[in-house]
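Q: Take this sequence and fold it.
(3 chains)
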Amino acid sequence: MSEEKSMSEQHEIITGIEAPIYLKYNFTAGAAPTRFLAQLKKGKLTGQCRAEPGAPVYVPPRGSCPATGLPTEQEVEVSDKATVQSFTIVHIPIPGNPIEPPFVVANLVADGANISFIHLMSECDNAEVHIGQRVQAIWKPEDEWDYAMDNIKYFKPIDEPDVPVEQIGKLPVTGLEG
Amino acid sequence: MANLAAVVGIGQTSYTTKRDDVSIAGLVREAAVNALDDAGLTFKDIDAVILGKAPDMFEGVIMPEIYLTDALGCNGKPMLRVHTAGSVGGSTALVAASHVQSGTFKRVLTVAFEKQSESNAMWALSNPQPFSTHLNAGAGGYFAPIIREYIRRSGAPDEVGIKVAVKDRLHGARNPLAHLQLPDITMEEVAESFMLWDPIRYLESCPSSDGACAMVIANEELADKASKRPAWIRGVAMRSEPTMYAGREEVNPQAGRDCAADVYAQAGIKDPRQDLDVAEVYVPFSWYEPMWLENLGFAPKGEGWKLTMEGATSLIDGGDIPWNPSGGVLSSNPIGASGMIRFAEAARQVRNDAGDHQVPGAKLALGHAYGGGAQFYAMWVVGSEKS
Amino acid sequence: MKEIAIVGYQQSDCVSDAGALNEVELIIPVLERVFEQVGISNAQDVDFVCSGSCDYLQGAAFAFVLGVDALGAVPPIKESHVEMDAAWAFYESILKIRMGHADSALIYGFGKSSPGELPIVLSQQLDPYYLAPQWVDTISLAALQARLMLDQGKITERDMAEVVARSRRNALNNPHAQLKGDVTADEVLAEETYLSPLRKADICPVSDGASAAVICTVEKAQEWGLPYAVITGIDHIIESHNPGMRDLTDSVSTRKAAENAGMGEGKVDVAEFYAPFSHQEIILTRALGLGDDTSINPSGGVLAGNLMMASGLSRIGEVFNRIVRGEADRGLAHTTSGPCLQHNLVAILEKGEAA
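A: Reported below is the predicted structural model:
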């Protein structure tokens, strides 16, 4: 007996096992996002708000006005022109996204909306991108439109005056002049 | 009025990129046993276990408290699992405290952990969902635009973020448990480190760590008899707000301000910079130090960065209000545990048990954690005295 | 200690697939109804909010973060979350009230299990080194438990079928039930075996939906002028995770939790068990020694509809409903988590004195 080695001497120490997990889900977008995505497929950017005058407009809608917890039942079309609320220049790749760094990811508020969404900026000098800058959507060709925000390839700067910071997120659908 | 409760034992693991010498159960048990040893107790002395961690997808184990009960000596006792995103380590400590402060239990064990090496954290945090743009480059990509807006508003110079990155790593070099050990780090090195999410550089970001932290919390009667000095819980507060709503103040969120006001009122703190001796604050990206200095009322709006630049938050520079003497999240970041480490390090300070990163004579300390889109907050104030 | 009462409970209908609705859309209508029941306008009118949910049901991290969008949490609120059934959010809320940091609390749980295969998903809550890699699903583990019961002669397949038949008949009076009908044990026994020894009818359905409750101090309930049920006791206990380390034919932790919650201090008129499999209802009933004078699962229990992460709170809500309707003076609500009844919570509810 004494000559037998103990278990730990016989085997190498185990530092890990491979146990991959595969789970399949049938994802649904939600009722409010579905209405939003259906409009996107037609090339329209819409927002949603509570059915009362002056209620804030959410793009993209998620099913509620988070400040009040009430459903966003009313749909409104917003512009595909937007203002840069803030941005970052990303220097590392995003897992699962073919885009090559460095690229600009911006928080943009569409004219007529009261909250920013995240999207790419392109056709711009990264060093020139700034808060308050005006941009407009560059759409994919119509035959590629799907139920996806990716129907907009990216936003590019346009020749309009900057929006003062205190007005970002408050522009009507007609933009700065409206 | 809540019953008095105190931290009577603290245990941590060492923090590193990959703890391949222990299983998930081994990791949490290491912290738990260290906390029990520190308290001079065993699992038998514990009435309930409160476990916290961030999303289950980090390890791929659903509701891991179900499996970890055996390792945590919890069989035959209550087990509760908290999850409030990045603030979870702090929230878990607060939920554990409520077990005692409510008079329901005499002595409980609380543990928070993350074994991030079990999966790809960036994937787990933002796994691509259909119908949305896949541009969420992890937490850094989310917070970088908010930091940019802070810099615009405050006019703070570029060096502020760099200075915090250096300060917290120099603090971390005094803490043998810290993941990053960079005793020779310089401003130049940080400035020249790779830009990840402009304006956040590589060395201005937290690492990804494996680790666990545990505490034993006891009622007044048992804490009075504790073998080591207890850290008395003087105030507890939580606040939440939605991730995004029209007009939300993202740079200086109201939930953080309200949470701080609540916890200060309980602890009788009027001027946090003056009344507190030290703070352990959740700063995963260096710029969040000046931002939270303002949010937590240590500095007027727009002037947090001046405290940082003056060295007020540096233990090594002899600052009047050291922040993160343990090295903070910038030195070690097992996400689910990071909040509890802040709470535990605050308690170590007032127990005068923080080793080489002890703030001399610390009597009152703040522990802080935040999570989600800077929308979930948990804070406590601990003191060397009951009141 | 302060007396704490339940003053409101609402749930969605149990449906196998909530279709296009997302989590926040499942929660909002339930919250609206519970706010109306209690006479408040939103989460601002309570002192604390706590929820229960599980990211893996829908396969996305931070499911609960979306839930906050349903609350009206501006200005910010005191809020927390458990990655457990909302019955444990209920427990956390009670501690908050007992410690004097709240007089009232909103609790909600929600789950959308239909996007995934729930039994397979839940296999990943097992020990990640020894059990999860074998992908043992929850139904198989329960079948193993039922087999033990049958082979030891502790139950018969007819006993199980009778549990199912009673659930289906009771559910006829439950407007939220997913499975209901005037079914006999013989009809259940005539069904083919699905996963031996279990028939499909022995297994709870998978349901999408949410439930919500409001609790408060008895003083507050009286101030609000609401009918209420007093929570006279609550406790929960977890057992070893290793199924081989437990007597799977008994539930020691349920018995102990019930004792600690004060079950024995009076008659139990009604008991609502979270028993996702027919044989588990028998285990629980016997573990507590309940007899014919206790109405077991009058709602149909989770065999009639199982809102994952909300079903435990629903058990409490079902007992509350019966007490405030005057159908019972005292009741027991049970919740479980983990494989084969590993972790169990018991709450005792009693009729409050007339205001």
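Q: And the residue nearest the centre of chain B, how close does it get to B:L364?
A: In chain B, the C-alpha closest to the average C-alpha coordinate belongs to B:G339, at a distance of 2.6 Å (C-alpha atoms, centre = their mean). In this view, B:G339 and B:L364 are 19 Å apart by C-beta to C-beta, to the nearest Å. For every residue, glycine as well, the C-beta is placed using N, CA and C.
Q: Excluding residues flanking it in the chain, which one is nearest residue 128?
A: With no chain named, the answer covers chain A. Excluding the flanking residues, the one nearest A:E128 by C-beta to C-beta, 6 or more residues apart in numbering or on different chains is A:P157, at 7.7 Å.
Q: that's the other chain; I wanted chain C
A: Here the residue nearest C:P128, using C-beta to C-beta, 6+ apart, is B:V61, at 4.8 Å.
Q: In terms of secondary structure, what does the helix or strand hosting B:I146 contact?
A: Taking DSSP states H and E as the criterion, B:I146 maps to helix B:138-154. Helices and strands touching helix B:138-154, as assessed by 3 or more C-beta pairs under 8 Å, 6 or more residues apart in numbering or on different chains; DSSP states H and E, comprise strand A:81-90, strand A:103-110, helix B:121-125, strand B:195-198, strand B:200-201, helix B:288-295.
Q: Quick one: closest of those to C:D202.
A: Nearest of the helices and strands packed on helix B:138-154 to C:D202, taken as C-beta to C-beta: helix B:121-125 at 35.5 Å.
Q: Quick check, B:N120 in contact with A:P95.
A: Yes: if you go by C-beta atoms under 8 Å, B:N120 and A:P95 touch, sitting 7.3 Å apart.
Q: Specify the helix with the largest residue count in chain A.
A: helix A:31-41 (DSSP state H).
Q: Against which helices or strands is the next helix or strand after that one packed?
A: The helix or strand immediately downstream of helix A:31-41 is strand A:46-49, counting by DSSP H and E. Counting contacts by 3+ C-beta pairs under 8 Å, 6+ apart, strand A:46-49 is packed against helix A:31-41, strand A:74-77.
Q: tell me the most buried of those?
A: helix A:31-41 (a mean of 19; mean count of other C-beta atoms under 10 Å in any protein chain shown).
Q: For that one, give the mean pLDDT please.
A: On average, the pLDDT along helix A:31-41 is 94.
Q: Packing partners of it?
A: So helix A:31-41, by 3+ C-beta pairs under 8 Å, 6+ apart, packs with strand A:46-49, strand A:74-77.
Q: would you turn the ones you listed into TSV with mean pLDDT?
A: Output for the helices and strands packed on helix A:31-41, formatted as TSV (pLDDT from 0 to 100):
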stretch	mean pLDDT
strand A:46-49	96
strand A:74-77	95
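Q: Could I get those strands in a markdown table, plus columns for distance to C:A61?
A: Below are the helices and strands packed on helix A:31-41 laid out as a markdown table (distance: least, C-beta to C-beta, whole Å):
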| stretch | distance to C:A61 |
| --- | --- |
| strand A:46-49 | 25 |
| strand A:74-77 | 29 |
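Q: which residues pair with B:L109 across the strands?
A: In this entry, B:L109 is beta-bridged to B:V49, B:V216, by DSSP bridges.
Q: so it makes contact with B:I46?
A: Yes: using C-beta under 8 Å, B:L109 makes contact with B:I46 at a distance of 4.6 Å.
Q: more crowded one of those two?
A: More crowded of B:L109 and B:I46, by other C-beta atoms under 10 Å in any protein chain shown: B:L109, with 29 against 25.
Q: for that one, what are its contacts?
A: B:32, B:35-36, B:43, B:46, B:48-50, B:72-73, B:96, B:214-216 (C-beta atoms under 8 Å, 6 or more residues apart in numbering or on different chains).
Q: and if we set it to 10 Å?
A: B:9, B:11, B:31-32, B:35-36, B:39, B:41, B:43, B:45-51, B:72-74, B:77, B:96, B:214-217 (C-beta atoms under 10 Å, 6 or more residues apart in numbering or on different chains).
Q: go on, B:E294?
A: With C-beta under 10 Å, 6+ apart, B:E294 has these contacts: B:150, B:154, B:251-252, B:256-257, B:300-305, B:307.
Q: cutoff 8 Å now
A: B:E294 makes contacts with B:N252, B:P300, B:K301, B:G302, B:E303, B:G304, as judged by C-beta under 8 Å, 6+ apart.
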